[in-house]
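Asks: Predicted model and sequence below, questions to follow.
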Amino acid sequence: MTVIESPTPLSIDLDARYTLARAVAQQAGERALQMFRNRAALEVEHKGLQDFVSIADRDVEGIVRRAVSEAFPDDAFLGEESAAGVSATLSSERVVWVVDPIDGTSCFLNGLYAWCVSIGILVDGEPLIGVVFDPNSNELFHAARGRGAFVGETPLNASPSCHVREGLLGVGFSHRLKPEAFMPFLGRLLGDGGMFIRNGSGALMMAYVAAGRLIGYYEPHINAWDCLAGIVLVREAGGTVNDFLANDGLLRGNPIMAAGQALYPVLMTLVEGPGEQS
Ligand code: IPD
Ligand code: CA
Ligand code: CA
């Protein structure tokens, strides 16, 4: 058993949480897949512009929440579908499960396959465990700090690319921001011979960065439940990620940039633009 020693007398059993996160991601994903196959029966609600939710999202979040509270009743929980009710002091909890029950809801509701279950775990404010399960491909991406990143049992390595021409960049955009917050970056990426893909699931694209399938991922604003698991995956696969949790990123969201080590600074110059560089 691996425990994390901390200045307080209480130690955290990381192994047990890593095991549960993998098991419950698969269980929740299998339930989501059943609902996906019967999605015509789902009632869909509008949360905002291009932002939908169905009973599937809430049902699947409930599966994860119940499993966590049974096994670790003192752990805190931040799930996309119940985030509105969380306390502003959540960031000071020792262990926080950060969960998107279905990331890629638009794809899910429209019969597209880019969606997944995403579970990240923060311990004392540090992202230590990340699990992304894609039920359609039956791929379980998982990582724990210091132990590497894997899909199933296969180790993952982020891309060694050093130029945007060398592969596909995952991008994301939501109407939480104005298009002007995104378009200059896209123009500079294309101007340098790069190419983008937006598949509709930020969590899955972060997992693909860890797997070296994408050279990186950029989104000007994303929420913690979309990317916390992916942050652990990319770092453990040897990649670089920005300080997403700065300035209350856990509750307010932030930009995310994740890439192989060589490409990360190149992409940051594309975000900042020529006028901003020193
Ligand atoms: C969204 C997806 C999308 C990203 C958005 C997220 P949802 O989550 O991850 O790829 O661009 O920022 O809100 O609504 O499908 O769970
Ligand atoms: Ca999401
Ligand atoms: Ca979601």
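Replies: That came through fine. Numbers count the residues shown, from 1 in each chain. Ligands and ions are numbered 1, 2, ... in the order given.
Asks: residue of the stretch 51-200 of the chain with the smallest distance to ligand 1?
Replies: Sorted by distance to ligand 1 under CB to the nearest ligand atom, the residues of the stretch 51-200 of the chain start with Gly172, at 3.0 Å. C-betas here are computed from N, CA, C, even on glycine.
Asks: Figure out the helix or strand that the residue lying closest to that residue once chain neighbours are set aside lives in.
Replies: Counting by CB to CB, 6 or more residues apart in numbering, the nearest residue to Gly172 once its immediate chain neighbours are dropped is Glu219, at 3.4 Å. Glu219 belongs to strand 216-222 when assigned by DSSP states H and E.
Asks: Can you show me the CA trace of that strand as PDB?
Replies: Below are the C-alpha coordinates for strand 216-222, written out as PDB (Å, rounded to 0.1, in the frame of the first residue of the first chain):
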ATOM      1  CA  GLY A 216      -1.100  19.100 -27.800                       C
ATOM      2  CA  TYR A 217      -4.400  20.600 -26.500                       C
ATOM      3  CA  TYR A 218      -5.400  24.200 -26.100                       C
ATOM      4  CA  GLU A 219      -8.600  25.800 -24.900                       C
ATOM      5  CA  PRO A 220      -8.900  29.400 -23.700                       C
ATOM      6  CA  HIS A 221     -11.400  28.500 -20.900                       C
ATOM      7  CA  ILE A 222     -12.100  25.000 -19.600                       C
END
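Asks: what about it and ligand 3, touching?
Replies: No: between strand 216-222 and ligand 3, judged by CB under 5 Å from the ion, nothing touches; the nearest distance is 11.5 Å.
Asks: count of residues packed around Gly202?
Replies: Gly202: 28 surrounding residues under other CB atoms under 10 Å.
Asks: what are the phi and psi values for it?
Replies: Main-chain dihedrals, Gly202, degrees, to the nearest 10: phi -60, psi -40.
Asks: For it, which residues are in contact?
Replies: For Gly202, the contact set (CB atoms under 8 Å, 6 or more residues apart in numbering) comprises Asp103, Gly170, Gly172, Tyr217, Glu219, Ile222, Asp226, Cys227, Gly230, Ile256.
Asks: circling back: correct me, but the residue nearest to Gly172 touches Ile256?
Replies: Yes: counting by CB atoms under 8 Å, Glu219 does reach Ile256; the two are 5.3 Å apart.
Asks: picking up where we left off before, same list, the contacts of Gly202, but as a markdown table with pLDDT, neighbour count and distance to ligand 2 please.
Replies: Below are the contacts of Gly202 laid out as a markdown table (pLDDT from 0 to 100; neighbours: other CB atoms under 10 Å; distance: CB to the ion, whole Å):
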| residue | pLDDT | neighbour count | distance to ligand 2 |
| --- | --- | --- | --- |
| Asp103 | 97 | 30 | 4 |
| Gly170 | 98 | 25 | 14 |
| Gly172 | 98 | 22 | 9 |
| Tyr217 | 98 | 31 | 13 |
| Glu219 | 98 | 26 | 11 |
| Ile222 | 98 | 25 | 8 |
| Asp226 | 98 | 27 | 4 |
| Cys227 | 98 | 33 | 9 |
| Gly230 | 98 | 33 | 11 |
| Ile256 | 98 | 25 | 12 |
